[in-house]
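Peer 1: Got a predicted model here, sequence first, then my questions.
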Amino acid sequence: METTSGRCGWAGSEPIYVAYHDTEWGVPERDSRALWEKLVLDGFQAGLSWITILKKRDNFRAAFAGFNPDVIATWGEQEVMRLLADPGIVRHRGKIEATIGNARAWQKIEAEQGFDRYLWDFVGGAPIQNRWATLAEVPAATPLSAALSKDLKKRGFRFCGPTIVYAFMQAVGMVNDHLTCCPCHDRVRRLGTHV
């Protein structure tokens, strides 16, 4: 579905989703903590729609200490129980426990080379510039997202399969998957050349 504005059809017409599409999605993100937050939220999305997570994002940030992985890495069962009782987030024990484990895995990668550099090395340090004309052309996963998913899992991450990882790569601008008819495509492409 394409829109008359040319905007990627998945953005629909709901203001929060349109704003996310127009200002965040596909913009290259280089901050290690922000990248980790997005990967965690994409993991929470598994089995749900992104709009559900987007509407709860502020609640997630409050419940998860601003997505500070150094804080979350110290958490245990008491915090898991607190989060399971929080109606403002997705209350899924496996995803909550994975977030704590993912914080510890993030710490190791961050100390070794920086989580941002680790991720961006998978795309040679610059966004892959795709040129999709329709949503039907956009893949759900790629060999590259499968390779990154496999490596993240090897390093202790969970809820990061190839489809989740590709959605993450799209969102943080590792790939530019705005449709060529979308006004954001060229703007995001230009942002990707200033690395």
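Peer 2: Perfect, thanks for sending it.
Peer 1: okay, CA-based contacts and neighbour counts for the rest of this
Peer 2: Will do.
Peer 1: Give me the residue ranges of the chain where confidence is low.
Peer 2: 1-4, 194-195 (pLDDT under 70).
Peer 1: Give me the neighbour count for the residue lying closest to R30 once chain neighbours are set aside.
Peer 2: Once flanking residues are discounted, R30 sits nearest to D116: 5.8 Å by CA to CA, 6 or more residues apart in numbering. Per other CA atoms under 10 Å, the neighbour tally for D116 reads 19.
Peer 1: In the helix or strand harbouring D116, which of the residues would be classed as buried?
Peer 2: Applying DSSP states H and E as the criterion places D116 in helix 115-121. The neighbour-count check on helix 115-121 (16 or more other CA atoms under 10 Å) flags F115, D116, R117, Y118, L119, W120 as buried.
Peer 1: What of stretch 55-75?
Peer 2: Of all the residues in stretch 55-75, those buried under the rule 16+ other CA under 10 Å are K56, N59, F60, A63, F64, G66, F67, P69, I72, A73.
Peer 1: how about the helices in this protein?
Peer 2: 15-23, 32-45, 50-63, 69-72, 77-84, 93-112, 115-121, 143-154, 162-171, 183-192 (DSSP state H).
Peer 1: measure A105 to R189 for me?
Peer 2: Relative to R189, A105 is positioned 31 Å away (CA to CA, to the nearest Å).
Peer 1: Same question for G124.
Peer 2: Distance, G124 to R189, using CA to CA: 15 Å.
Peer 1: So for those two, which sits in the more crowded spot?
Peer 2: Neighbour count, other CA under 10 Å: between G124 and R189, R189 has more, with 22 against 11.
Peer 1: hang on, isn't that one packed against N176?
Peer 2: Yes. Using CA atoms under 8 Å, R189 makes contact with N176 at a distance of 6.8 Å.
Peer 1: list residues touching both of the two?
Peer 2: Q129 (CA atoms under 8 Å, 6 or more residues apart in numbering).
Peer 1: Next, the buried residues of stretch 41-56.
Peer 2: Across stretch 41-56, burial judged by 16+ other CA under 10 Å covers L41, D42, G43, F44, Q45, A46, W50, I53, L54, K56.
Peer 1: Serialize the residues you listed to TSV and add fields for distance to N130.
Peer 2: Below are the buried residues of stretch 41-56 laid out as TSV (distance: CA to CA, whole Å):
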residue	distance to N130
L41	24
D42	21
G43	24
F44	26
Q45	24
A46	24
W50	22
I53	26
L54	25
K56	30
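Peer 1: Let me know the closest of the residues you listed to L152.
Peer 2: Using CA to CA, G43 is the member of those that sits closest to L152, with 12.5 Å.
Peer 1: Find the nearest non-adjacent residue to that closest one, please.
Peer 2: F159 (4.9 Å).
Peer 1: How many residues are close by that neighbour?
Peer 2: Residues lying near F159 (other CA under 10 Å) number 23.
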